[in-house]
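**Q** sequence unknown, structure follows:
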């Protein structure tokens, strides 16, 4: 039996997503649990997870730049129409990403970059295999500002992760969760939820026949 | 509840230490509130549509 499926996320993009998810959860756990009184040796786990996140972000940036994949995520007039539709205007179908998905991506990107940039600076104050800590590299006021940005990004990530997991698990979003796990969405979901004039995906290989 | 954490250095000057981690409960609480409101909205929406005239 032939399967009607389209490709939504390539393996490299799914790998990036799940590596980012694992590293963000590890960073939140190792960063916030000690502050809340849970005692364990968290410093090495935290900076190693941070380096994994930085590597994943760099991989993602290079990938979207090299393959011109940014276009599908750019803000568009259709996003405003989608928002109006949520308040009673006629419904519209998005391209590859809905306004809500774009908003989540922008917030996560901003928080990731802020946390990663400040985290890399804070590594100057940590002993690593490559250097000894130097707490006097910047003055105390500057370090304070860096800590505030890093901590605020972490706190925002708590909200973002909770909301992201909630919406990913919603029954009406199951097609997107499956696409992030397996890469494909059904042709029915694609036609029902997306505007084909704005996003024309490739057909996924037929799992039975092993071809497109 | 404090928003920022401060300490004092060896000269008695106030030094900014970062955000207060007590705020984690605020951020988690706000997300939880949004989730509960959305769940209620999604749960009630079909009933309101069904109850609407001409639906």
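**A** The structure has been received and is ready for your questions. Because the structure is a prediction, the values reported are computed rather than measured.
**Q** CA atoms for contacts and neighbours, from now on please.
**A** Noted.
**Q** just give the number of residues close to residue A:146.
**A** Counted by other CA atoms under 10 Å in any protein chain shown, the residues lying close to residue A:146 total 22.
**Q** that one contacts residue A:118, correct?
**A** Yes - at 5.8 Å, residue A:146 counts as touching residue A:118 under the criterion of CA atoms under 8 Å.
**Q** isn't residue A:52 right up against residue A:23?
**A** Yes - here residue A:52 reaches residue A:23: they are 6.7 Å apart, a contact under CA under 8 Å.
**Q** between these two, point out the one with more neighbours.
**A** Neighbours were tallied for residue A:52 and for residue A:23 using other CA under 10 Å; the higher tally belongs to residue A:23 (21 against 17).
**Q** show me the contacts for the more buried one.
**A** The neighbourhood of residue A:23, defined by CA atoms under 8 Å, 6 or more residues apart in numbering or on different chains, consists of A:49, A:50, A:52, A:53.
**Q** need the three-state assignment for residue A:205.
**A** Under the three-state scheme (DSSP: H, G, I helix; E, B strand; the rest coil), the conformation of residue A:205 reads as coil.
**Q** cool, and residue A:56?
**A** Judged by three-state DSSP, the three-state class of residue A:56 is helix.
**Q** sorry, back to before: okay if I get the contacts of residue A:23 as JSON lines plus pLDDT?
**A** Output for the contacts of residue A:23, formatted as JSON lines (pLDDT from 0 to 100):
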{"residue": "A:49", "pLDDT": "97"}
{"residue": "A:50", "pLDDT": "97"}
{"residue": "A:52", "pLDDT": "98"}
{"residue": "A:53", "pLDDT": "97"}
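**Q** of these, which is the nearest to chain B?
**A** Taking CA to the nearest CA as the measure, residue A:50 is the one of these closest to chain B, at 18.5 Å.
**Q** ok, and for the host helix or strand of the closest one, which residues are buried?
**A** Taking DSSP states H and E as the criterion, residue A:50 maps to helix A:43-66. Under the neighbour-count criterion of 16 or more other CA atoms under 10 Å in any protein chain shown, helix A:43-66 has A:46, A:47, A:49, A:50, A:51, A:52, A:53, A:54, A:56, A:57, A:60 buried.
**Q** thinking again about what came up before, would you list the contacts of residue A:23 in JSON lines and tack on distance to chain B?
**A** Putting these into JSON lines (distance: CA to the nearest CA, whole Å) gives the following:
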{"residue": "A:49", "distance to chain B": "20"}
{"residue": "A:50", "distance to chain B": "18"}
{"residue": "A:52", "distance to chain B": "24"}
{"residue": "A:53", "distance to chain B": "21"}
